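Peer 1: just to be clear, the model below is a prediction. Sequence and coordinates:
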Amino acid sequence: MVKQRNPTNIIDYIDSVFEQNENVLKYFYKNLFKQYNPDVNGYNLIFMMPPDLSGWDKTRPTLYSQYTTGSYVHDISKFITFGAIDFTSPTHQVNTEKISSRNGAIPYVTEISNTDQCSITYIDNSDIDIYHFHHMWIEYIRAVVDGFIEPNSKYMNPENFEFGAIDYAASIYIVKYIPNLKDIRYISKSIGCFPQTLPSKELIGQRNSNELTTLPFTYFVAGYREATWKEENHWLIKEFKDLIETKF
């Protein structure tokens, strides 16, 4: 017997149409229109906590004199959020060994580790700001490695655990929101990130067409962690809200 009530939304309508004994069909449609509806799927955004590049302005002010790390680098990190269109995360690896027995081999876990690379694809603007930002980033690393730039002393002190030892590493957050752009359903963080290559070939592109500049960047990664909305008190969600969302 069909339920007699006034439906107020599509889920109520499904409950009112399907009979009580049609549980499988009802379950299917309720998931289809509630959990899998693309119109309410939400938004996936990529945020970057930029590198400090602490020795840039102090030791070589003429390197890029038209910019300061306090303006351009932090402004471009917001534009990266807009321009990023694809992300390939590091992967969790479960490493195992085996114990031999008369019935075969029994595997057991020895370590859980992460791969050391991730990649992001960006759509750049006409000023190629994202490419320029990564170019400066790699040039800074080159200057540090060659000894032309000295990072701030807080990065050089091995006892200073608050800051660590590398001032050219960034953090990258991947966040999945519901449509209100407030409630987080999934978040991950790659730490200790810096670019591996500059995609110069993609920057040049095809001369016979006027296409958007799509740039794939690969980053080295020191660590990777994830959390979902069911872990609402997870440190990663709290950290993101305190450090990143307040910057916008």
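Peer 2: Everything's here; your move. Numbering: from 1, shown residues only.

Peer 1: domains for this structure, by residue range?
Peer 2: By the assignment in automatic domain parsing, the chain contains the domains 1-39, 42-247.

Peer 1: ok, the residue nearest the centre of the chain - contacts?
Peer 2: Closest to where the C-alpha atoms of the chain average out (Cα atoms, centre = their mean) is Ile174, at 3.0 Å. Residues near Ile174 by Cβ atoms under 8 Å, 6 or more residues apart in numbering: 44-46, 87, 89, 186-190. C-betas here are computed from N, CA, C, even on glycine.

Peer 1: ranking those residues by neighbours, who comes first?
Peer 2: Ser190 (26 neighbours; other Cβ atoms under 10 Å).

Peer 1: can you tell me the element it falls in?
Peer 2: strand 184-195 (DSSP states H and E).

Peer 1: quick one: strands adjacent to that strand?
Peer 2: Partner strands for strand 184-195, per DSSP bridges, with pairing direction: strand 170-177 (antiparallel), strand 214-220 (antiparallel), strand 223-228 (antiparallel).

Peer 1: mind naming the longest helix for this structure?
Peer 2: helix 129-146 (DSSP state H).

Peer 1: got a list of contacts for that helix?
Peer 2: 51, 53, 55-56, 60, 63-64, 67, 72-73, 76, 79-80, 83, 122, 124, 149-151, 167-168, 194-195, 198-199, 203, 213, 215, 217.

Peer 1: can you rerun that using 7 Å?
Peer 2: With Cβ atoms under 7 Å, 6 or more residues apart in numbering as the test, helix 129-146 has contacts from 51, 53, 56, 60, 64, 73, 76, 79-80, 83, 122, 124, 149, 151, 168, 194-195, 198, 203, 215, 217.

Peer 1: check stretch 222-230 too.
Peer 2: 89-90, 114, 184-192, 234, 236-237.

Peer 1: could you look up the next helix or strand downstream of the least confident helix or strand in the chain by mean pLDDT?
Peer 2: None of the helices or strands of the chain scores lower by mean pLDDT, DSSP states H and E than helix 56-59, at a mean of 62. Scanning forward in sequence from helix 56-59 by DSSP H and E, the next helix or strand is helix 74-83.

Peer 1: that next one: how far from the chain's middle?
Peer 2: 13 Å (Cα atoms, centre = their mean, to the nearest Å).

Peer 1: worst mean pLDDT among the domains of the chain?
Peer 2: Ranked on mean pLDDT, the bottom entry among the domains of the chain is domain 1-39, at a mean of 66.
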